[in-house]
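# Fold the following, please.
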Amino acid sequence: MRNGVPFSTLEAKMAAPPNKAGRIVFMVIVAAGVGYVGFNLISDLSGQETASMLPFMLLALALVIALGFEFVNGFHDTANAVATVIYTNSLNPQVAVVWSGFWNFLGVMLSGGAIAFAIISLLPVELILQVGSGAGFAMVFSLLVAAIIWNLGTWYFGLPSSSSHTLIGSIIGVGLANQVVSTTTGTSGVDWAQAGSIGKSLLISPLIGSAFAALLLLLAQRIIPDKRLYSPPEGDQPPPLWIRALLLLTCTGVSFAHGSNDGQKGMGLIMLILIGTVPTAFALNHAVTTDQTQEFIAASKEAAAVFERHAADSPASTDPRSELTAYLRTRTAGPHTLLATGQLIRDLGVELSSYGLLTKLPAARTRNFRNDLYLVGESIRLMQKSGPQEISPSEWNTLASYKRHVDLATRFIPGWVKVSVAIALGLGTMIGWKRIVVTVGEKIGKDHLTYAQGAAAEITAMTTIAAADSFGLPVSTTHVLSSAVGGTMAANGSGLQWGTVRNLLMAWVLTLPASIFLSGTLYWIFHSFV
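All right, here's what the predicted structure looks like:
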């Protein structure tokens, strides 16, 4: 009993195990997914020749850790999506988590790759280019292990902190540690411009969530006079049919949007792992057709001509790769940068035309060819933000067309990677949801969540996350939804439990520095031994 509202019935429902038939169906689906992933992974790896089993052992370990991060992400973040439908009696708790897990799965499967590769671009350029080295593996292991440790700690105490914040902090920690341990080589640390852009989306989204949810509730109170919507549920009484349908729809939308947004973070890291361990199988997109290859070659000639035209008086670069690496590291163009970009683009086009298809590149050249594509693609992306003013709009269109071909060759995600992430995220949702659900449903506001509050919070979270996904920006489901619930409590005059709010704010504030410290320390340790 809290504030006169009984929770015993709801607690009993949440503690009840799923029925036998549901468990069997669940196990069959998971087994089918695991079988699909295993078959396709083995198929992709077949024919790969290595001097030892070490790459495959590292691949297995890295995949387990990466999927472990997504599993923890599932029960840490997606539990937020079901809190409102559970505490408004819209769905039975066991049904709600299965429903949310399914839509998370679907969100992952239908997602693109913009966020996945936006996360990767935060990492130091040298570590991305040498991800198969000891330092590259130290980077991947340290940032994933740090994120898992912090997520498990906050989950244990029932604090809905952000997996997105945790991962970003871990990446920053790796970048800073890399800068410290490599002072003599002048390697880069953190892409602060990209980190700032992502940080703004993570900071602003909960503020928007809180304000928008509060305004939405106040608007509903003015135009919808049904008093039942603004009162706590009575016993097991479900909400009116239309509000129940709305709550179910928004729970579905939040779950789908979370899968589409957060699932990509794990996919990007898994692709980095695959490229580092088995580059001949995963460094380049083998699905690029002959026609697309010919278009790529033609686009290379046109893009190279743009840079060469604007750098006609510049001295040729003796090493265009080093020139572009320095440009990406410092974010400052030198006298050779434009011509070096054109040189490398033209060389790549000529080399590809000699082989005809990406699949025909020699195995020993595959990783470096991808690295060269990464250098020119990221250089063009950086120039588009603050590039040479003399390049005309039509020439920028030419460069944008070329970059689309680069992205087609390098920014791809195999279907089995999506399935593995979707299974991990869905499993996490259905296994560890209760701690966070109780915090969101009971401990943010002083009163029980009303139907209208639940609907306003879910609508806000769904639209905010979906909008961020369309712009390729990672946001925190946890921050958006919990702040939206807090906003509705304040707007309704229900009052907030300031002890919980204080703990949430502390978790939010500490997540970045704690994950930076954890990942930086782990990177220093791993880098010392690998």
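
# Let me know the distance separating Leu274 from Leu512.
From Leu274 over to Leu512 the distance is 28 Å, taken as CB to CB, to the nearest Å. Backbone N, C-alpha and C define where each C-beta goes, glycine included.

# What does Asn233 show for phi and psi?
Residue 233: Pro, not Asn. Note on Pro233: its backbone torsions stand at phi -60, psi 150 [degrees, to the nearest 10].

# hmm, I was thinking of His286
Here the main-chain torsion angles of His286 (degrees, to the nearest 10) amount to phi -80, psi 0.

# With neighbour numbers in mind, choose between Leu274 and Leu512.
Shown here are Leu274 and Leu512; by other CB atoms under 10 Å, Leu274 has more neighbours (24 against 19).

# Check whether the more buried one sits in a helix, strand or coil.
When classified by DSSP: H, G, I helix; E, B strand; the rest coil, Leu274 comes out as helix.

# quick one: it and Thr280 touch, right?
No. Leu274 is beyond contact range of Thr280, at 10.8 Å (criterion: CB atoms under 8 Å).

# ok, then the element right after the helix or strand bottoming out on mean pLDDT in the chain?
Every helix and strand of the chain was ranked by mean pLDDT, DSSP states H and E. The lowest is helix 8-15, at a mean of 66. Next helix or strand after helix 8-15 toward the C-terminus (DSSP states H and E): helix 20-45.

# Packing partners of that next one?
helix 93-109, helix 279-282, helix 415-431 (3 or more CB pairs under 8 Å, 6 or more residues apart in numbering; DSSP states H and E).

# That one versus helix 93-109: what angle between them?
Going by axes from the mean of the first three to the mean of the last three CA atoms, to 10 degrees, helix 20-45 is angled at 20 degrees with respect to helix 93-109.

# buried stuff in the helix or strand following helix 20-45?
Later in the chain than helix 20-45, the nearest helix or strand by DSSP H and E is helix 54-77. Buried residues in helix 54-77, defined by neighbour count with 16 or more other CB atoms under 10 Å: 55, 58-59, 62-63, 65-77.

# what angle do the following helix or strand past helix 54-77 and helix 93-109 make?
Next along the chain after helix 54-77, taking DSSP H and E as the criterion, comes helix 79-87. Angle, helix 79-87 to helix 93-109, by the same axes, to 10 degrees: 150 degrees.

# Give me the angle between helix 79-87 and helix 415-431.
Counting by the same axes, to 10 degrees, helix 79-87 lies at 40 degrees to helix 415-431.

# From Thr463, how far off is Leu122?
Taking CB to CB, one finds Leu122 at 26 Å from Thr463.

# try Pro93
Taking CB to CB as the measure, Pro93 falls 25 Å from Thr463.

# Show me which of these two is the more surrounded one.
Neighbours were counted for Pro93 and for Thr463 using other CB under 10 Å; Pro93 has more, 23 against 19.

# In contact with the nearest residue to the more buried one once chain neighbours are set aside, which residues?
In space, and not counting its chain neighbours, Pro93 is closest to Met14: 4.6 Å by CB to CB, 6 or more residues apart in numbering. Counting by CB atoms under 8 Å, 6 or more residues apart in numbering, Met14 makes contact with Ile86, Pro93, Lys434, Val437, Val438.

# could you dump these to JSON lines with distance to Thr293 and pLDDT?
What follows is the contacts of Met14, written out as JSON lines (distance: CB to CB, whole Å; pLDDT from 0 to 100):
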{"residue": "Ile86", "distance to Thr293": "52", "pLDDT": "83"}
{"residue": "Pro93", "distance to Thr293": "52", "pLDDT": "83"}
{"residue": "Lys434", "distance to Thr293": "52", "pLDDT": "70"}
{"residue": "Val437", "distance to Thr293": "50", "pLDDT": "72"}
{"residue": "Val438", "distance to Thr293": "55", "pLDDT": "71"}
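
# Perfect, that will be all.
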